[in-house]
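Enquirer: Quick check, what structure comes out for this input:
(chains A and B)
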Amino acid sequence: MTNSWTDIKNTDLVVIMGGNAAEAHPCGFKWVTEAKANRGAKLIVVDPRFTRSASVADYYAPIRQGTDIAFLLGVINYCMANDKVQWDYVKAFTNAPYIVKEGFTYKDGLFTGYDEARRDYNRSTWDYELGDDGYVKSDLNHPRSVWSLLKQHVSVYTPEMVERICGTPKDKFLKVAQMISECSTPTKTMTSMYALGWTQHSKGSQNIRAMAMLQLILGNIGVRGGGMNALRGHSNIQGLTDLGLMSNLIPGYLTIPTEKETTFDQYMSTRGFKPLLPNQMSYWQNYKKFFVSFLKSIWGDAATAENGFAYDYLPKLDVPSYDVLRIFELMHEGKVNGYFCQGFNPLLSFPNRKKLTAALSKLKFLVIMDPLQTETARFWQNHGEYNDVNSASIQTEVIELPSTCFAEDEGSLTNSGRWLQWHWAGGTPPGEAKHDTWIMAQIFLRLKALYEKEGGAFAEPLVKLDWRYKDPGEPTPEELAKEMNGSAIADVPDPNDPTKLVLQKGKQLVSFAALRDDGTTACGCWIYSGCFNEAGNNMARRSTADPDGTGAYLNWSWSWPVNRRILYNRASADINGKPWDDSRKLLWWDGAKWTGYDVPDIAPTAKPGEVGPFIMNPEGSARLFTRGMMRDGPFPAHYEPFEAPIANVLAPKVRGNPVARVFKGDMEQFGDAKEFPYAATSYRLTEHFHFWTKHSQLNASMQPEFFVEISEQLAKEKNITNGGWVRVWSKRGSVKAKAVVTKRIQPLICDGKAVHVVGIPLHWGFMGETKKGFGPNSLTPYVGDANIETPEYKAFLVDIEPIASGPVA
Amino acid sequence: MANFEFVLPPAPTKDIKVGLGDGDLVKRSASTVSPPAKALTPVAKLIDVSKCIGCKACEVACLEWNDKRTPVGVNVGSYDFPPDLTPDMFTVMKFTEWVNPETKNLEWLIRKDGCMHCEDPGCLKACPAPGAIVQYSNGIVDFDHDKCIGCGYCVKGCPFNIPRISEVDHKAYKCTLCSDRVAVGQGPACAHACPTHAIVFGTKDEMKKHADDRIKDLKSRGFANAGLYDPPGVGGTHVMYVLHHADQPQIYANLPKDPRISPIVELWKGMTKYAGLAAMGAFAVIGLVHHVVTGANRVSPEDEANAEKLTGDRR
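Expert: From the prediction side, this is the model:
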C-alpha cells in the first residue's frame, strides 16, 4: 500500500477492482465501512462476479476476467477526453511533459523492438530524450511528450471498445468512469483497493500500473484517502516481500547480481542513479550504502573493502529469476535433487497440478517445514480421485519438520500498510514443533560443521556467515530484528569535530540515513532501519493517539520507511507546498521546512518547486510512461489471457502477453475456446484462509465442500442442477465439484459472443477437516506475469458437464 | 472514529448486583413474578443488514462462546452453512439473491437470523413449564434448560421460527443474547466479532438513535424505504434490523412483515393453558401409575447407539 488501512476512512470513493476486500480482507474492510458511514464515501466494485464486496457497494459493474487494462485505459481515455484531469498535479508531479525518444511506437499490439523468437523487446527507444546537459527535455504539447503519446495510446479504448472487450455494458462503464472522474478535483480522492484479482494474470503488473496512472491523472497519489493499495493476502507477505522473497532480490528491494556482473565495481557501475533533472534527490543514489551495509550484516568481518565486501560470496543469477514456476520446470526436467518447502503448499498453490506431482516425484528429497499437514507433504499418498498417484512408483524421500504457527512465536508481522507490528507468543508449540528460526539455525550449524570437517566447493559463503547470536542454535526474534535495523560496527568520528562521534561502535542505527558505504555500518534490510533503534523496539508501540484524527497513528507500531504512513506525501501539497485540500491536510511547507501529520517523504528543507515528490525516481516525477522498467511496455496495453474466450480484438495475432515466458511444452497445453468454451476464474472465500483453515473444524463447518459457481443461464444450457455434481476440465486436468447456480454470475457479451464465467474457489484439498475436494490449480495454465511470474490463475478456459455422483475417495 | 460511540449497557456496580438473577425477571413462563425493585435499562442488538458482508464471524464467535460445534456438512447449492438454525447453532446467515424490480439490479441480501428477543415473547407465553423461559427487565429472553420439558410449544409460539429442540437432551435452544456476557457488562460475542460494526449492542434507545443515522445514510444513497425493523406486533424486539427495504422485510429470507403471536398461543395463554396444564398433570399421573405397574423404562443398546449418533463423534 502507498497508504494504510486506517487511511481508507479518509476517502471519498473506494474502487475495488482486482480484489474482493469484504470477502478476503473482512477486518480491513471495516475502514471502507467507516468511510461510507462517516464521510458518505461511495463504493464501486468491478468484478466478473457479484461478490460480497459488491453486496455492500453503491455501484457494481461486471467485467470479463483478464480485461482490466482495457477498462482502465477506457477510464483514462474518458478523463482525458472530458478534461477530468488534475492538471496542476499532472504538470508538476508526473512525467507527462517529458519528451520520449524518437522511434518509439506502438502498433498492432506491439511496442518498438519486439523480437518474436526471444519473446522479448529491445527497449532502447522506451526512454526520454535527454538534452546536451544530460537532463530530460520537457514540453507538454510536443507530439512525442508522454502526455501526447498516452492520449494517442488510450484513444482506441472508447466506451464501445470497452464494452466489446470487457463485456461491461456501455452505460455501466460510463457510470463508473463518471464517478471516478469526479475525483480529479483537488478536494476529492479515490482509493484503489486491489489484490490477486490483478496480480494473477500474465500482465498482472500492468493491470496495477494502469490504475496507478489513472490515480496520477486524478492527483490521488500521496494524499489522504488516495493511493494504490495492495491488499496483501497473508498477514506477513508484505514482510516477506520486503525481505527478499523474490528470487532476484535481496532485502530492501536490492537486486541479486547477474553472472555478467562479476565484480563489485561492475555491479555498482549501473546503479549510479544520476538525477535526470537538476536538484532531484534520486534517493537510490544511496544504493551503495544500503548494499555494503547488507553485505556487512551477512558476512561481518569477512566483508572488507579489499574483497568488495564479500561480493563474490553473493550468488549470481544466470537467468532473470529462479521463481517457483522455473524451479518446478527444472524439477520436472529432473534437474533438481532436493527442495525445501517452508510454509508453502505448492501442490495446491501452483498451476497445473499434474505437472507439479510429476516434478515432485523426480526429487531425491523434499523437506517440509509447516505447522500443518499439507497436501505437498502427502503428494505421494493415494487419496482416490483426489490424489490419484501410484505411491510405489514415487521414490522421493519426504522429511517433515513440524514448525510453529504465528500465535506460537514472537516477532513482527508487516501488514499491507507497511506497518511492522510486533506480537508476542500466545501459546507454546505442540509436540515436537519448533520455531522456523531454530530449524534454520540447526540446519546451518550442521552444514557448517560438515564443511569445516570435510571441506567442499566454495564453502566460504557458508562458513563465514556472521552468526553472532547469544544462542547460535536459536537466534531470538529481538536479535534478528536488531540486525535488520542495523548498527555501527566502528566508531565514526565527526569530520568537523574529531572529538565527537557520528556513530558509536555497537550502537543501533537511528535510521537508514546513518548508513555508510565504507563498511562502518551493517544493516540487514535498509528499509527496516529504524524499527529497533536505541529508542527500543518501535514495532511494539501501541499508542492510539492520533492528533486531529488523520488516521496516521504515528505511535502505533512502526511503518517503513522511517515510520512514514503515506508514501509520496509531499504530493499532498501543490507545487508551492500548500495542501490541495485544507480539510485533509497531510504535509505542508511552513516557509522553512516541511511539516504536518506524517513523516515527510522528502528532505525536510527541500524547497517546494525545486525538488520533486517522487524522490526514488531520478527525475523526481511519477511515471505515466515507465521507460524501460517493465518488460512488456512503457504503457499498459490490452492483451487477452493465454486462454481466452475471444481473440484479441485490437491485435488478433497476439496470443496472451507477447513477452510472458512460456516453457517448452506448456504452450501446447493451452486450450482454446473451441474446445473449452467457458471462462474460468479462481478466488478465495471469506470462510477460509487459503489451505490452512480447512484444518479447523469451525471454519470447515462454515464452508464444508468444494463447489463451482455458474450462472442460471449456463446451468440451463448444460442441464446442471443447483447443488448437483459437475465435472469441470481444462486441457491440463479435471475436477469434480458441487454446482452453485447463482444470479451473481451473469453471462457477458464480448465481441458479440456470450461468454459464460465459471467461478472456482480454492481452499479444498485432501487433508484436513473439510470434505475432500480439489483446488483450481488442477486446471490452471503454467504461465506467469511477464515481469514477476505470478501465475495466471484468474483467467483460463474450461468445459463443464453435469455428472451423477461425486468422486470416489 | 465512528460517529457512533460504542456504548455498553450499564456496567455492574456496587448498587447493581452482578449477573442477571431472579430478582431481575419481569416475566416467567407458566408462573408469575413480582416486579423487580429496580428495572435494568432495556438493551438491544442492532443488525445493520446494509453493512453486513456475510463473513460469518458472528456464527463462529457464537459457536466458540457457547462451546458448540456444528458438523461439517455438504454443499447444497448455496452459501448458507448450516442451512438453518439448529440446537447448536443459535445464529445463521441467510443469503438471498434478489433482483430489485425497480432498478433491475441484483441485490445480495444477507441477514443474520436468530432470536429477536421480543418484548412480548410468544415462546414464553406458550411455554407450559414454570420458569423454563424467562424475561429480564433489560428485555433479554432466556431459556432455563433445567426446567425445560422439551414439549416444543415455544417453537409454535415463536412468530420467527427460532427455537430448536435438541434430539440429544430434548431441550429447547436459542440465542441468549449472551445474557452471561451482558450480565458482566460485555456485549454479545457476535457483536464483538463483527468486523464492520454491522452488529452493535447497547441500550435500546442508543441503538434506535444509531439506526436513525444509518437510515439517513441509506436514504441518501437512494434506498428510499430504508428503515428500522422493530415490529410492534410483538411489542418491539431487543434484536432489531436496519433494512434497505424496510417496506418489504419478507425479501430478507422471509423475515415476517408483521409478526404476531399465533392466536392459538394467545388463547392458550388466556385460559386454556391452565386446563392444558391440568391435562398434562393427569398424563404425569398416568405415567407414574405405568411406572409403578410395569417398572422403569430400560435403555436398550439400540437406544444408546442412536444417542451416540445424535451427539456426534465429537462428544
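
Enquirer: All the strands of the stretch 301-450 of chain A, in order from the start?
Expert: A:338-342, A:365-370, A:397-402, A:411-414, A:419-423 (DSSP state E, counting those that start in this stretch).

Enquirer: whoops, the stretch 101-250 of chain A was the one
Expert: With DSSP E, counting those that start in this stretch as the criterion, the stretch 101-250 of chain A has strands spanning A:106-107, A:110-111, A:114-115, A:120-121, A:190-194, A:228-230, A:249-250.

Enquirer: For chain A, what's its nearest residue on the stretch 101-250 of chain B.
Expert: Using CB to the nearest CB, B:W108 is the residue of the stretch 101-250 of chain B that sits closest to chain A, at 3.9 Å. Yep, even glycine has a C-beta here, placed from its N, CA and C like the rest.

Enquirer: wait, is that residue part of a helix?
Expert: No. B:W108: not assigned to a helix; according to DSSP: H, G, I helix; E, B strand; the rest coil it is strand.

Enquirer: show me what contacts the closest residue to it other than its chain neighbours?
Expert: In this structure, B:W108 finds its nearest non-sequential neighbour in A:S55, 3.9 Å apart by CB to CB, 6 or more residues apart in numbering or on different chains. A:S55 makes contact with A:22, B:53-54, B:107-110, according to CB atoms under 8 Å, 6 or more residues apart in numbering or on different chains.

Enquirer: Closest one of these to A:G577?
Expert: Distance to A:G577, by CB to CB, is smallest for A:A22 among the contacts of A:S55, at 37.9 Å.

Enquirer: that's a helix at the closest one, yeah?
Expert: Yes. Assigned with three-state DSSP, A:A22 falls within a helix.

Enquirer: ok, it to A:G591 distance?
Expert: Applying CB to CB, to the nearest Å, the value for A:A22 to A:G591 is 45 Å.

Enquirer: same check, this time on B:D67
Expert: Remark: distance between B:D67 and A:G591 (CB to CB) = 63 Å.

Enquirer: Which elements pack onto the helix or strand that contains A:Y451?
Expert: Secondary structure from DSSP states H and E places A:Y451 in helix A:436-454. Packing partners of helix A:436-454 (3 or more CB pairs under 8 Å, 6 or more residues apart in numbering or on different chains; DSSP states H and E): helix A:460-463.

Enquirer: quick one: buried residues of the helix or strand following the helix it packs on?
Expert: For helix A:460-463, the following helix or strand on the C-terminal side (DSSP H and E) is helix A:477-485. Going by neighbour count (16 or more other CB atoms under 10 Å in any protein chain shown), the buried part of helix A:477-485 is A:477, A:480-485.

Enquirer: pLDDT on the very next helix or strand once past helix A:477-485, on average?
Expert: Later in the chain than helix A:477-485, the nearest helix or strand by DSSP H and E is strand A:487-488. For strand A:487-488, mean pLDDT is 98.

Enquirer: who touches the helix or strand just after strand A:487-488?
Expert: Next along the chain after strand A:487-488, taking DSSP H and E as the criterion, comes strand A:492-494. Residues from elsewhere that reach strand A:492-494 (CB under 8 Å, 6+ apart): A:500-503, A:516, A:520.

Enquirer: How about the helix or strand that strand A:492-494 is followed by, which residues are buried there?
Expert: Downstream of strand A:492-494, the next assigned helix or strand under DSSP H and E is strand A:497-503. For strand A:497-503, a neighbour-count test (16+ other CB under 10 Å) marks A:L503 as buried.

Enquirer: count of neighbours near the nearest residue to B:Y173 once chain neighbours are set aside?
Expert: Counting by CB to CB, 6+ apart, B:Y173 lies nearest to B:P87, which is 4.2 Å off, once chain neighbours are set aside. By the criterion of other CB atoms under 10 Å in any protein chain shown, B:P87 has 19 neighbours.

Enquirer: Also B:I47?
Expert: B:I47, neighbours per other CB under 10 Å, totals 26.

Enquirer: Near chain B, which residues of the stretch 501-650 of chain A? Just list them.
Expert: Selection of the stretch 501-650 of chain A residues close to chain B by CB under 8 Å from any CB of the partner chain yields A:G549.

Enquirer: quick one: the residue of the stretch 501-650 of chain A found nearest chain B from A:G226, how far?
Expert: Residue of the stretch 501-650 of chain A nearest chain B, by CB to the nearest CB: A:G549 (7.1 Å). As judged by CB to CB, A:G549 and A:G226 stand 17 Å apart.

Enquirer: what about those two, which has more around it?
Expert: Using other CB under 10 Å as the criterion, A:G549 and A:G226 rank with A:G226 on top: 32 against 10.

Enquirer: State the pLDDT value of that one.
Expert: Confidence score, pLDDT, at A:G226: 98.

Enquirer: How about it: what's its closest non-neighbour residue?
Expert: Closest to A:G226 by CB to CB, 6+ apart is A:N220, at 3.6 Å.

Enquirer: one step back: how about the helix holding A:Y451: buried residues?
Expert: Neighbour-count burial for helix A:436-454, counted by 16+ other CB under 10 Å, picks out A:436-441, A:448, A:451.

Enquirer: Out of those, which comes closest to A:A303?
Expert: Looking across these and measuring by CB to CB, the closest to A:A303 is A:K448, at 17.4 Å.

Enquirer: The closest one is in contact with A:E460, isn't it?
Expert: No. If you go by CB atoms under 8 Å, A:K448 and A:E460 don't touch, sitting 11.3 Å apart.

Enquirer: SS state for the residue of the stretch 701-809 of chain A found nearest chain B?
Expert: Minimum separation of the stretch 701-809 of chain A from chain B (CB to the nearest CB) falls at A:G723, amounting to 3.1 Å. Following three-state DSSP, A:G723 is assigned to coil.
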